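Would you be able to build a 3D model of this:
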Amino acid sequence: MIAKLDPGFIEAAEREIAAAGLDGWLLYDLEARNRVTAELTGLRDGISRRYFVLLRPGAPPKALAHRIELMHFEGWSGELSSYVSWQDLEQSLRDILKGCRTVAMETSEMDAVPFIDNVPAGVLQMIQGLGVQVVSSADLLSRTYSQWSERGRSLHLTAAEVLAQTAEAAFRKAADAVGAGERMGEYEVASWILGELDRRNLEAEGVIVGTGPNSANPHYYPSETVTSDLTPGSVLLIDLWARVKDEPDAVFADQTWMGLLGDQPPEGFMDAWEAVRSARDGAVTFTADRYDGELGPTGAQVDAEARRILIEAGFGDVLFHRTGHAMDRVNHGYGPNLDSVETRDDRRLVRGIGFSVEPGVYFEGRWGIRSEINVYMGADGPEVSPQRIQSEPWTA
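Model prediction:
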């Protein structure tokens, strides 16, 4: 592993640091505990000693690493210094931070956004002890790494259509088997989906296929040893996510689809479906109405709106998770999540980022419903993918 910062990221970071009135952005990591720094530097598996990278407008990136870890910085394009002792480390930090009064790091006040709160308290104390104020880098991330390039957006749309087609084909395959009285399990459907995505040039990290009570578990994953057979009249949930293979800029697509393995839904199912669909579409409308082409509402505000719709429909006691997550070159990305309950995500939905919208209701021991689409914050408003979103559950 060799540390390297993308030139486009450096340019964007310098611009946004200056626009925010900050002196720099100080990246820190040890053993990939800070997933932001690990991803940005390319040292995704981490290294065994602490390292720092300082980004400042108009200056080359400054890296500070332990003497025995310098092989990971071979060919570093900016300034590089090293340390051996903890005293060396503190003095070197003092040197590279000279002239900085305020820097951004991966921290979040009161752990409001835990996905960003990755710098240990002791490291923050060390930086602050040098007389440097530390603020959160959360907004910098939304305006740099989390931005979709035009290439990334195009690849996302390609992946989105393949996912939609594959999900429906998987449901039809399952429905045909159940209708013919043939045995088919969740794991077999999931395996078929993964094989189909691979065949169609998508890199998939996983797939959720849940029937009956398993569909009421938001993070249920079938396996060879944990799987249930599909049965006539049961609910089938398919959640799949992937991106185009071998494309560094490829953005993930992530969707959830619902089907009924029969033509008679369980009692209460359609009322719940209509509420989930209304919450999904209402979240997009709420975002569009509060978007000026550059800034939209916060992730927490959108989540609160989706939850309001579900609560008013009578489903407040079966809401188990947030409304959506950030999406970029990793499926659970670095931008704002649609969340006002699990966390307090007060980051604004800014132009150029993307996220999932996936409200759900879960009746434990019976069935669950989730409908998931993706949104990109374009110049003219939120852009939804795939082209055709689900309006009614599929039926056999």
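
Could you use CA atoms for every contact and neighbour count after this?
Noted.

Hmm, residue 56 and residue 25 touching each other?
Yes - counting by C-alpha atoms under 8 Å, residue 25 does reach residue 56; the two are 6.7 Å apart.

Those two - which one has more neighbours?
Neighbour count, other C-alpha atoms under 10 Å: between residue 25 and residue 56, residue 25 has more, with 27 against 23.

Could you measure from the more buried one over to residue 132?
To residue 132, residue 25 is 12 Å away according to C-alpha to C-alpha, to the nearest Å.

Kindly report the same for residue 209.
Distance of residue 209 to residue 132, given as C-alpha to C-alpha: 49 Å.

Of the two, give the one with the bigger neighbour count.
Neighbour comparison, residue 209 and residue 132: the larger count goes to residue 209, with 29 against 20 (by other C-alpha under 10 Å).

Find residues that contact each of residue 25 and residue 56.
Counting by C-alpha atoms under 8 Å, 6 or more residues apart in numbering, the common neighbours of residue 25 and residue 56 are residue 17.

And residue 242, what's its pLDDT?
We have a pLDDT of 98 for residue 242.

contacting residues for it?
Taking C-alpha under 8 Å, 6+ apart as the criterion, residue 242 is in contact with 159, 163, 197, 202, 203, 204, 205, 206, 252, 253, 254, 331.

at 6 Å what do you get?
When contacts are counted by C-alpha atoms under 6 Å, 6 or more residues apart in numbering, residue 242 is found next to 202, 203, 204, 252, 253.

Now it: closest residue in space that isn't a chain neighbour?
residue 204 (4.2 Å; C-alpha to C-alpha, 6 or more residues apart in numbering).

Quickly note the distance from residue 394 to residue 208.
Distance, residue 394 to residue 208, by C-alpha to C-alpha: 17 Å.

Looking at those two, which has the bigger crowd around it?
residue 208 (23 against 19).

Tell me the backbone dihedrals of the residue nearest to residue 242, please.
phi -110, psi 140 (degrees, to the nearest 10).

For residue 62, name its beta-bridge partners.
residue 54, residue 79 (DSSP bridges).

Thought residue 56 was touching it, still the case?
No - look at residue 62 against residue 56 with C-alpha atoms under 6 Å: they stay out of range, at 8.7 Å.

so who does the residue nearest the centre of the chain touch?
Centroid check for the chain by C-alpha atoms, centre = their mean gives residue 332 as the closest residue, at 1.9 Å. Each residue near residue 332 by C-alpha under 6 Å, 6+ apart is listed here: residue 326.

please redo it, this time with the cut-off set to 10 Å
115, 252, 254, 324, 325, 326, 355, 356 (C-alpha atoms under 10 Å, 6 or more residues apart in numbering).

Can you tell me the SS state at it?
Here residue 332 is recorded as coil under DSSP: H, G, I helix; E, B strand; the rest coil.

if we can go back for a sec, report the two of the contacts of residue 332 separated the most.
Within those, 115 and 254 form the most distant pair, 18.9 Å apart (C-alpha to C-alpha).

what about the two, which has more around it?
The neighbour comparison of residue 115 against residue 254 (other C-alpha under 10 Å) goes to residue 254, with 28 against 22.

For the more buried one, give the beta-bridge partners.
Assessed by DSSP bridges, residue 254 has beta-bridge partners residue 241.

Next one: it from residue 331, what distance?
8 Å.

Please apply the same query to residue 124.
Following C-alpha to C-alpha, the distance that separates residue 124 from residue 331 is 28 Å.

Same question for residue 17.
Distance of residue 17 to residue 331, given as C-alpha to C-alpha: 26 Å.

before we move on, what about residue 81?
Separation of residue 81 from residue 331 (C-alpha to C-alpha) stands at 34 Å.

Pick out whichever of the two has more residues nearby.
For residue 81 versus residue 331, neighbours defined as other C-alpha under 10 Å are more numerous around residue 331 (19 against 15).

Would you confirm that the more buried one contacts residue 255?
No - applying C-alpha atoms under 10 Å as the test, residue 331 and residue 255 come out as separate, 11.2 Å apart.
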